[in-house]
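>>> Predicted model follows, preceded by the sequence.
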Amino acid sequence: MSRITSSKVFKSVRAFSDRMMLQIRIVLALADMDFALRAEKGFFGVWGVLFEPMALMLTLLALRILVRLKTTDLLNPVIWLVCGVVLLYLFRKVGIKALTGVSKKQKLFFYRRIRPLDTLLASTLIEARIHASVLVLVFLAVSAWSWTFQIDDPALMVVDFILTVCLGLGVGMSALVVGHRIPIVKVLTKFGINRILLWTSGIFYATYTLPGPARPFVTWNPLLHSVELLRHSINTAYPLPGISLQYLAICAFVSVGFGLVFYFSNEALLLSDD
Amino acid sequence: MTERPFQGSRTTKLQMTRQKIQSGARWLGNMGSELSTIAIPRIRTDVQAPLPRLLSGRVLAATFLAISGFYCFAIGRDRYQASSEFVIKQPMPPGTSAAMVLGTLQSSSVLSSLEDGRYLQVYLESNDIKNAVFPDKEVYLNSYAAASPDLWSGLSADANAQQQLEFFRNQLDVIPQELSGSIVLSTSAFTAVDAYSLNTKLLEQAQRFVNDVNQSISADQQAFAETQVTYAQNRLTEASNALEAFQDRYGQLNPLAEQSAAASFITRLESRLVDLKVEEASLRRQYRDPDAPEVAYVADQVGELERQIKEERQKAVGAGGRDLNRIASQSVRLEGNVSFARESLVSAMRAADNSRMESQRQLKFIVMLSKPQMPQGPDHSWRWKAFLSCIGVLVVVWGVFGFMLAAMRRD
């Protein structure tokens, strides 16, 4: 047996950190490229990437005014709504859109360094930045308008956002494989899961306004926990019946763990198929 | 693996890379082995960065994180937290408690407690309460004075009144619970005793607030009801006096009965007149001479009766007579006034009685669900929360503002 010396340990740590840095650079570079491609596609250029979710927000706000959706007096209605919209669309863009992600990025796999997971990580990064930007911009705008700045628990806000990104990433890794191998799932997702998510994620209602017996029908959805926790982090008086950070964390970690196992056991299939 | 083994120093590698990029190379390694074209802009940015590396974003971020971590976990002072939970209850009359159709409809006692809790929230964070809890300014400043090595947290000795109030507000959290209606009161301080003492004193103030509100509302209601009773009594007295004066003046006890009697008398006379006229007509048919004594006798009676009726009528309603109509209507009005004033008095007395009973029944009181406990150890959660918040700041700066800058640069 060879002896473990400090120089060997240092070298292996150095090699590991170099690889990690390279991996990070690859993901950042792919994110840059993704951002540039999106900016070219949109009508408003780079800013269109931000305007798209904001336009959706405005539509929902108009809907709220027209239909008079019930919100809560504990939070500003715009902030209340943006919390739901941002997290749901972040999850959808990261997790559900991964179903169609591999075929479009197939050319990149010419570089042996780039793997499907890298493209997913890059799009996750860019989506997280876009949606965080929307959240921050709307929050700052509303705070400036109402001249009150309130974030009771910023740490919870950060943890919640990161866990939601992890949740989307975990689901996205599984979706990458499933969407590639079983195309029918894309159709099912489009007509089924998206709608279920839309109505169970608490965008249009607060959990505590639901009757007690009806809550279990929506609290299975970890995204609802994420949305409600984000609202709670802004005002700690916002009640959270049946909502817990632990559930969200468990769902996020399980989905990431399962997604990684599922992805690495099927990575060869993703690369070999056209 | 496709990576080449680590060769040479980092400076040599960077120089080689820079030379390659400056000579217009589109690939930095073998095709398919390196992330060449995609990574070139990023590598070029790094290589040609004009600022010294000490001022790079990465170094600044690491420094910020290190400083915040050092503050949060090493030099930040311990904080102690005491919390209590209570509910403001009001006894409900039986039968009004719950006709709830859906589970979400909150009972009125929850809503009432929630409403009181919101008032209490504002009240406990007011300057009056700060002065009541800390009557001695020096004691307050000493209790929360900044101490080495953590000079950042705490109250500076020369803090003005506004800063003192702001600091006081930061030390307490009054959170009404939407679902249960209870109120959670949390206080924090740099020592366990201070946190516990602040919580206890604020609970006393809350109790006083509820009692004061109750007493003032009850006193207001009672005073209003008693004023109304006095007013109704005065009005009844005035109306009775006016009626008595009226009756004294006209010397009759009941003008209505008198009017009725006069009317009845005139009616009888008119009835008699009709009979005589019929008899006169019959006699005129019996006798050819209209001046016959029998006819003239009855005709005289008819004439006399008509004059008498006219005179009686004139006497009853005419201006020169007793004017029974006016007297009767005046009497009715005065009697109506007396009757109305009497009913007003009865209802005012009943309302005063109800008010007294309601004010006793609706007295609110504080029910302690969880009394404050002396903290057994410092609360470390703030350290993690503060550190995570610093990470959040970095994430927002990098994720959002970096993203916006990149967008502006591309645009």
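Good, I have the coordinates.

>>> which bits of the stretch 151-274 of chain A sit near chain B?
Within reach of chain B by C-beta under 8 Å from any C-beta of the partner chain, the stretch 151-274 of chain A has these residues: A:153-159, A:162, A:208-213, A:236-239, A:241. The C-beta positions use only the backbone N, C-alpha and C, and glycine is treated the same way.

>>> Apart from its neighbours in sequence, what residue is nearest B:Val133?
B:Lys201 (4.7 Å; C-beta to C-beta, 6 or more residues apart in numbering or on different chains).

>>> Report pLDDT for that neighbour.
pLDDT recorded at B:Lys201 is 92.

>>> In three-state terms, how would it be classified?
Three-state secondary structure (criterion: DSSP: H, G, I helix; E, B strand; the rest coil) places B:Lys201 in helix.

>>> pLDDT-wise, which helix or strand of chain A ranks last?
Least confident helix or strand, chain A: helix A:101-104 with a mean of 63, by mean pLDDT, DSSP states H and E.

>>> so who does B:Gln233 touch?
B:Leu345 (C-beta atoms under 8 Å, 6 or more residues apart in numbering or on different chains).

>>> next structured bit after the least confident helix or strand of chain A?
helix A:116-146 (DSSP states H and E).

>>> And the next helix or strand past that following helix?
helix A:154-181.

>>> May I see the buried residues of that next one?
For helix A:154-181, a neighbour-count test (16 or more other C-beta atoms under 10 Å in any protein chain shown) marks A:154-180 as buried.

>>> State the next helix or strand along the chain beyond that helix.
Following helix A:154-181 in sequence, per DSSP H and E, is helix A:184-188.

>>> ok, and what's touching that following helix?
A:Leu99, A:Thr100, A:Val178, A:Gly179.

>>> CA atoms of that helix as CSV?
Written as CSV, here are the backbone C-alpha positions of helix A:184-188 (Å, rounded to 0.1, in the frame of the first residue of the first chain):
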residue,chain,number,x,y,z
ILE,A,184,-46.0,10.8,-25.0
VAL,A,185,-45.1,12.2,-21.5
LYS,A,186,-44.6,15.6,-23.1
VAL,A,187,-48.2,15.7,-24.3
LEU,A,188,-49.5,14.4,-21.0
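
>>> Go ahead and confirm B:Pro378 touches B:Ser188.
No. When contacts are counted by C-beta atoms under 8 Å, B:Pro378 is not listed as touching B:Ser188 (10.2 Å).

>>> Please name every helix or strand in contact with the longest strand that chain B contains.
Assignment by DSSP state E gives strand B:80-89 as the longest strand of chain B. Under the contact criterion of 3 or more C-beta pairs under 8 Å, 6 or more residues apart in numbering or on different chains; DSSP states H and E, strand B:80-89 touches helix B:108-124, strand B:183-189, helix B:192-250, strand B:365-370.

>>> Turn the contacts of helix A:184-188 into a markdown table, including pLDDT.
What follows is the contacts of helix A:184-188, written out as a markdown table (pLDDT from 0 to 100):
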| residue | pLDDT |
| --- | --- |
| A:Leu99 | 75 |
| A:Thr100 | 72 |
| A:Val178 | 83 |
| A:Gly179 | 79 |
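
>>> out of those residues, which one sits closest to chain B?
A:Thr100 (21.6 Å; C-beta to the nearest C-beta).

>>> Quick one: residues contacting that closest one.
A:Gly179, A:Lys186.

>>> cutoff 10 Å now
A:Ala175, A:Leu176, A:Gly179, A:His180, A:Pro183, A:Lys186, A:Thr189, A:Lys190 (C-beta atoms under 10 Å, 6 or more residues apart in numbering or on different chains).

>>> Check A:Ser255 too.
A:Gly95, A:Cys166, A:Leu167, A:Gly168, A:Leu169, A:Gly170, A:Val171, A:Gly172, A:Met173, A:Ser174, A:Pro222.

>>> Leaving aside the residues adjacent along the chain, what's closest to it?
Spatially, and ignoring its direct neighbours in sequence, A:Ser255 is nearest to A:Gly170 (2.9 Å; C-beta to C-beta, 6+ apart).

>>> ok now do the one you found, which residues does it touch?
Here A:Gly170 is in contact with A:94-95, A:251-260, A:262-263 (criterion: C-beta under 10 Å, 6+ apart).

>>> do the same with A:Leu75
A:Leu81, A:Cys83, A:Val142, A:Gln150, A:Ala206, A:Arg231, A:His232, A:Ile234, A:Asn235, A:Ala237, A:Tyr238.

>>> Now do residue 1, the pLDDT please.
Looking at chain A here, since you left the chain open. A:Met1 is given a pLDDT of 52.

>>> wrong one, chain B
Per the predicted model, pLDDT is 37 at B:Met1.

>>> now swap in A:Met21 and tell me
So, for A:Met21, pLDDT stands at 86.

>>> Check whether the one helix or strand it maps to comes into contact with chain B.
Using DSSP H and E, A:Met21 falls within helix A:6-41. Yes. Under the criterion of C-beta under 10 Å from any C-beta of the partner chain, chain B is reached by helix A:6-41 at A:11, A:14-15, A:18-19, A:22, A:25-26, A:28-33, A:35-36, A:39-40.

>>> what packs against the helix or strand following that helix?
Using DSSP H and E, the helix or strand that follows helix A:6-41 in sequence is helix A:48-67. With contacts defined as 3 or more C-beta pairs under 10 Å, 6 or more residues apart in numbering or on different chains; DSSP states H and E, helix A:48-67 has these neighbours: helix A:6-41, helix A:77-91, helix A:116-146, helix B:402-410.

>>> and those helices as a markdown table, adding mean neighbour count and distance to B:Ala146?
Formatted as a markdown table, the helices and strands packed on helix A:48-67 follow (neighbours: other C-beta atoms under 10 Å in any protein chain shown; distance: least, C-beta to C-beta, whole Å):
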| stretch | mean neighbour count | distance to B:Ala146 |
| --- | --- | --- |
| helix A:6-41 | 14 | 40 |
| helix A:77-91 | 23 | 34 |
| helix A:116-146 | 20 | 29 |
| helix B:402-410 | 15 | 35 |
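
>>> quick one, helices of chain B?
B:10-22, B:36-47, B:57-70, B:108-124, B:127-133, B:137-143, B:161-170, B:192-250, B:255-286, B:293-317, B:324-361, B:381-396, B:402-410 (DSSP state H).

>>> Kindly indicate which of the contacts of A:Leu75 lies nearest chain B.
Scanning the contacts of A:Leu75 for proximity to chain B, where the rule is C-beta to the nearest C-beta, the winner is A:Ala237, at 4.9 Å.

>>> Would you check how far apart the nearest residue to that closest one once chain neighbours are set aside and B:Gln233 are?
Nearest residue to A:Ala237, sequence neighbours excluded (C-beta to C-beta, 6+ apart): B:Ile175, at 4.9 Å. Separation of B:Ile175 from B:Gln233 (C-beta to C-beta, to the nearest Å): 50 Å.
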